[in-house]
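Asker: sequence? don't have it. structure:
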Ligand SMILES: Nc1nc2c(ncn2[C@@H]2O[C@H](COP(=O)(O)OP(=O)(O)OP(=O)(O)O)[C@@H](O)[C@H]2O)c(=O)[nH]1
């Protein structure tokens with residue numbers, strides 16, 4: 001009994017092995033696969049079942065159809081391709097397919113289709129539809145990817161603009177992309193066809209932003225980019241070809257790109273990037289021209305460009321058109337700048353340099369500005385109480401403040417300017433308590449400068465006294481209205497009427513006598529009519545319409561300043577305009593700092609001081625002077641600069657102003673300063689000379705003025721002598737001595753006069769003549785050079801030859817010489833001979849060596865100084 005294997009039966013039947021195996025199984029045969037064998041009866045039964053069962057064939061056909069559809073993508077592509085290729089290629093493909101058909105089920109199916117002809121034709125429209133669907137789907141996905149890319153780009157830019165939202169937005173983007181990607185992934189799984197690689201948001205961004213940028217990624221990036229490019233509808237390269245060629249190109253791009261090609265591509269991209277036009281610098285936004293060009297002479301095109309909101313190149317071009325050849329950095333003169341402004345059709349105004357160190361000017365400017373200000377408000381009047389000693393000023397203030405100031409005052413006399421504020425019917429009055437003693441008259445004068453009203457206290461039992469008159473004069477010169485308070489009316493025998501009559505002589509006429517001066521009879525002690533006085537002060541203030549602008553930067557005046565051991569410089573200030581705040585950077589006179597602690601007249605710490613408010617402040621670098629101006633600056637740095645600059649200027653000025661006594665100005669100084677003594681510092685070579693000169697000088701007496709030797713000694717004039725003379729307004733007489741180099745320069749700097757003599761009577765005569773105003777110097781020895789002796793040679797018949805070096809100036813053969821040893825002139829004589837090497841010379845200048853002998857003197861030693869001098873005429877000063 002012959003047995004046949006299933007595959008042989010399937011072959012005979014022309015049915016697939018699988019169908020036959022399944023059928024055999026259905027019939028209950030013990031078969032496992034196509035290699036299982038069947039006997040004759042089984043074989044007949046099986047064959048019979050196939051002949052009887054038509055649906056089996058149909059099933060097989062439909063199964064074949066579906067399998068064909070399943071494999072459709074590659075075969076469709078191939079069909080498409082074949083269709084497009086030329087006939088030879090088609091023939092080749094067919095031959096290749098025929099060769100493979102026995103070993104491949106799929107190919108076999110295809111071959112069958114082709115042989116049959118009909119199935120192929122049936123499959124074509126379906127495949128085309130499927131391809132169409134695929135393409136549509138692909139396009140939709142590409143569009144959605146592009147949208148994602150755009151969204152990512154947008155969110156990326158937004159995150160740049162709002163960095164705080166960056167994390168969140170980035171997360172959101174990521175979430176969205178992930179969500180969409182996962183959605184897409186599920187869709188992708190269903191799609192039959194080439195896999196569209198999902199580009200990362202970063203890659204999408206990169207591709208969208210820089211389509212020409214270099215492509216570095218080898219594997220996945222390239223298809224993703226190509227997809228993206230195709231989606232954008234541009235950037236189609238040679239390799240990309242037609243859409244139908246995509247799969248093939250991808251294949252080449254992925255698998256067949258050699259490293260060399262990849263490198264070349266990168267190189268090309270880089271070159272493209274390098275050759276691409278560089279990003280243009282951002283252009284300045286065009287802003288309108290200013291109405292006025294406020295310029296400073298010497299500005300260049302760049303400076304003016306900034307002011308006019310124009311590019312410097314435009315300015316240069318404009319100037320060129322105007323006939324001015326310049327570059328951007330070249331300084332321009334006033335005329336050129338004005339010409340340029342005129343060409344632009346705007347006005348030009350030169351900026352006046354403002355010296356910020358001039359705080360008096362700034363003070364006046366702010367004072368003037370406050371008078372024009374719209375923020376003006378009524379301010380309390382500042383009142384100064386003046387009067388003769390013991391007429392009751394402090395008692396009056398004491399009464400006003402309801403305190404007992406006078407009890408605490410040293411010796412019962414007001415020692416400093418105090419300032420207090422008193423209330424009356426919700427009104428404030430600021431009082432400055434000026435000292436009543438004559439020694440403080442200058443303080444009173446300063447008090448009057450910041451005062452609005454003067455209350456002149458005159459004791460009814462004492463009447464008008466010298467300081468009463470002085471107070472009237474001060475008030476008048478300051479153009480401050482006077483209110484007369486006739487005090488002590490409680491004292492028995494007080495005669496206010498008599499006092500009024502006395503004051504009328506000084507043009508203080510009471511209203512009842514037709515004048516305009518307010519008179520109030522008071523008793524500071526009992527308080528009688530004191531409130532009337534306050535009412536009168538407020539009335540006067542109302543008439544004067546005293547106003548201030550509390551909103552502007554503060555200005556004020558120092559009432560008094562002192563150094564406190566614990567707090568440093570403490571300053572009483574009256575704020576005049578604006579509001580002074582805690583921490584304000586200030587310049588006060590020549591001092592600077594910032595308001596550290598501010599206290600009011602009652603010792604309470606305050607944060608601000610309004611106009612007419614007296615406050616005590618700390619925080620200055622040094623103690624200022626009374627009546628110094630206070631000015632608030634915007635910043636501490638400027639305040640410091642101004643303060644330091646002012647301190648430097650003040651020092652310079654003080655140096656210039658110090659007029660030291662000299663022999664030349666002695667007579668005038670004596671007259672001007674009413675001198676009783678002429679102070680002299682005396683230095684000589686030996687004690688004998690010192691004593692002789694001192695005695696002679698002290699005997700001089702001209703018109704009651706005597707000579708006072710404040711210091712005398714032996715040796716060179718040193719720095720200490722100069723300092724003493726400077727501080728005592730003295731001059732120095734040196735007899736056969738010289739000043740040291742430092743003493744000399746210090747004397748020149750401080751303006752201290754040093755007179756050098758070698759003859760006693762000449763010194764005495766000069767001082768005497770100077771005191772009589774008859775000093776008329778005609779000739780004097782003018783030093784022309786200084787030499788140092790470096791070597792000496794003793795030559796018989798010639799004497800000692802000094803080898804000297806000219807340190808400064810020059811020496812001539814006719815020069816007189818002073819030989820100085822240890823700062824003392826040991827010999828005075830003349831040059832006998834002067835040589836350079838072996839030659840006689842007329843003159844030897846600084847920096848050269850020379851050989852010289854001194855007439856009649858041989859005791860020259862190494863290290864001696866030689867002073868060469870000439871007689872020169874000195875014109876009287
Ligand atoms: N009976 C009487 N005595 C007064 C009155 N006012 C002041 N006195 C007294 O006069 C003396 C001087 O008063 P002060 O207030 O110290 O005078 P002053 O003008 O401030 O004096 P100086 O501070 O030195 O300038 C004190 O003993 C007061 O008690 C007054 O109205 N009546």
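Answerer: Good, I have the coordinates. What you are looking at is a predicted structure, and each value in this text was computed from that prediction instead of being measured.

Asker: quick check: bridge partners of residue 419?
Answerer: residue 432 (DSSP bridges).

Asker: wait, what's in contact with it?
Answerer: By CB atoms under 8 Å, 6 or more residues apart in numbering, residue 419 lies in contact with 430-433, 559, 572, 574, 601, 614. Placement of C-beta: from N, CA and C, glycine included.

Asker: element containing residue 145?
Answerer: Element membership of residue 145 [criterion: DSSP states H and E] is helix 118-161.

Asker: swap in residue 690?
Answerer: helix 687-699.

Asker: what's that helix packed up against?
Answerer: With contacts taken as 3 or more CB pairs under 8 Å, 6 or more residues apart in numbering; DSSP states H and E, helix 687-699 sits against strand 677-684, strand 705-714, strand 731-735, helix 760-772.

Asker: can you redo those as JSON lines with distance to the ligand, mean neighbour count and mean pLDDT?
Answerer: Output for the helices and strands packed on helix 687-699, formatted as JSON lines (distance: least, CB to the nearest ligand atom, whole Å; neighbours: other CB atoms under 10 Å; pLDDT from 0 to 100):
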{"stretch": "strand 677-684", "distance to the ligand": "34", "mean neighbour count": "23", "mean pLDDT": "89"}
{"stretch": "strand 705-714", "distance to the ligand": "37", "mean neighbour count": "17", "mean pLDDT": "86"}
{"stretch": "strand 731-735", "distance to the ligand": "42", "mean neighbour count": "25", "mean pLDDT": "92"}
{"stretch": "helix 760-772", "distance to the ligand": "42", "mean neighbour count": "18", "mean pLDDT": "85"}
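
Asker: would you list those in CSV and tack on distance to residue 347?
Answerer: Formatted as CSV, these follow (distance: least, CB to CB, whole Å):
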stretch, distance to residue 347
strand 677-684, 63
strand 705-714, 66
strand 731-735, 60
helix 760-772, 63
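
Asker: tell me which of those approaches residue 320 most closely.
Answerer: strand 731-735 (66.0 Å; CB to CB).

Asker: now the element after the closest one, going C-ward?
Answerer: helix 741-750.

Asker: and that following helix, what's buried?
Answerer: For helix 741-750, burial by neighbour count (16 or more other CB atoms under 10 Å) applies to 743, 746-747.

Asker: closest one of the residues you listed to residue 7?
Answerer: Among these, and counting by CB to CB, the member closest to residue 7 is residue 746, at 130.4 Å.

Asker: quick one: the closest one from residue 732, how far?
Answerer: Applying CB to CB, to the nearest Å, the value for residue 746 to residue 732 is 11 Å.

Asker: identify the contacts common to these two.
Answerer: Common neighbours of residue 746 and residue 732, counting by CB under 8 Å, 6+ apart, are 722, 752.

Asker: check contacts around residue 340.
Answerer: Residues near residue 340 by CB under 8 Å, 6+ apart: 293, 304, 315, 318-319, 322, 332, 348.

Asker: can you say which of these are buried?
Answerer: If you count burial by 16+ other CB under 10 Å, the buried members of those come out as 293, 304, 315, 318-319, 332, 348.

Asker: mind checking which of these are in strands?
Answerer: 293, 348 (DSSP state E).

Asker: still on that earlier bit, of all the helices and strands packed on helix 687-699, which one is nearest residue 377?
Answerer: Residue 377 lies closest, by CB to CB, to one member of the helices and strands packed on helix 687-699: strand 677-684, at 57.6 Å.

Asker: contacting residues around that closest one?
Answerer: Strand 677-684 is contacted from outside by 661, 666, 670, 690, 693-694, 697, 705-717, 721, 724-725, 728-737, 767, 771, using CB under 8 Å, 6+ apart.

Asker: that strand pairs with which strands, and in what direction?
Answerer: Sheet pairing of strand 677-684 (DSSP bridges) gives strand 705-714 (parallel), strand 731-735 (parallel).

Asker: and it, how far out from the chain's middle?
Answerer: 55 Å (CA atoms, centre = their mean, to the nearest Å).

Asker: got it, and stretch 854-863?
Answerer: Its chain's average C-alpha position is 66 Å from that of stretch 854-863, according to CA atoms, centre = their mean.

Asker: got the buried residues for the helix holding residue 690?
Answerer: For helix 687-699, the buried set under the neighbour-count rule, 16+ other CB under 10 Å, comprises 689-690, 693-694, 696-697.

Asker: nearest to the ligand, of those?
Answerer: Nearest to the ligand among the buried residues of helix 687-699, counting by CB to the nearest ligand atom, is residue 697 at 45.8 Å.

Asker: quick one: pLDDT of that closest one?
Answerer: Note for residue 697: predicted pLDDT of 89.

Asker: how far away is it from residue 465?
Answerer: Distance from residue 697 to residue 465, counting by CB to CB: 47 Å.

Asker: who in the stretch 251-400 of the chain is up against the ligand?
Answerer: 387, 389-395 (CB under 6 Å from any ligand atom).

Asker: restricted to helices, list those.
Answerer: 393-395 (DSSP state H).

Asker: looking at those residues, state which has the most neighbours.
Answerer: Among these, residue 393 has the most neighbours (other CB atoms under 10 Å), with 27 neighbours.

Asker: I figured it hits residue 399, correct?
Answerer: No - contact criterion CB atoms under 8 Å: residue 393 and residue 399 do not qualify, at 10.8 Å.

Asker: which stretches of the stretch 501-650 of the chain form strands?
Answerer: Along the stretch 501-650 of the chain, the segments classed as strands by DSSP state E, counting those that start in this stretch run 518-521, 547-548, 555-564, 568-577, 580-581, 585-588, 591-599, 608-609, 614-620, 629-632.

Asker: so which of these is the most packed in?
Answerer: Mean neighbours per residue, mean count of other CB atoms under 10 Å, is largest over the strands of the stretch 501-650 of the chain for strand 585-588, with a mean of 28.

Asker: which secondary element of the chain has the worst mean pLDDT?
Answerer: helix 221-232 (a mean of 41; mean pLDDT, DSSP states H and E).

Asker: check contacts around residue 758.
Answerer: The contact partners of residue 758, by CB under 8 Å, 6+ apart, come to 735-736, 825, 828.

Asker: what pLDDT does the spatially most central residue of the chain get?
Answerer: Centroid-nearest residue in the chain: residue 637, 9.5 Å away (criterion: CA atoms, centre = their mean). Per-residue confidence at residue 637 stands at 90 (pLDDT).

Asker: make TSV from the strands of the stretch 501-650 of the chain and add distance to residue 276 and mean pLDDT to it.
Answerer: Shown next, in TSV, are the strands of the stretch 501-650 of the chain (distance: least, CB to CB, whole Å; pLDDT from 0 to 100):
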stretch	distance to residue 276	mean pLDDT
strand 518-521	91	94
strand 547-548	67	92
strand 555-564	63	86
strand 568-577	64	91
strand 580-581	59	95
strand 585-588	54	94
strand 591-599	57	93
strand 608-609	63	94
strand 614-620	62	92
strand 629-632	58	92
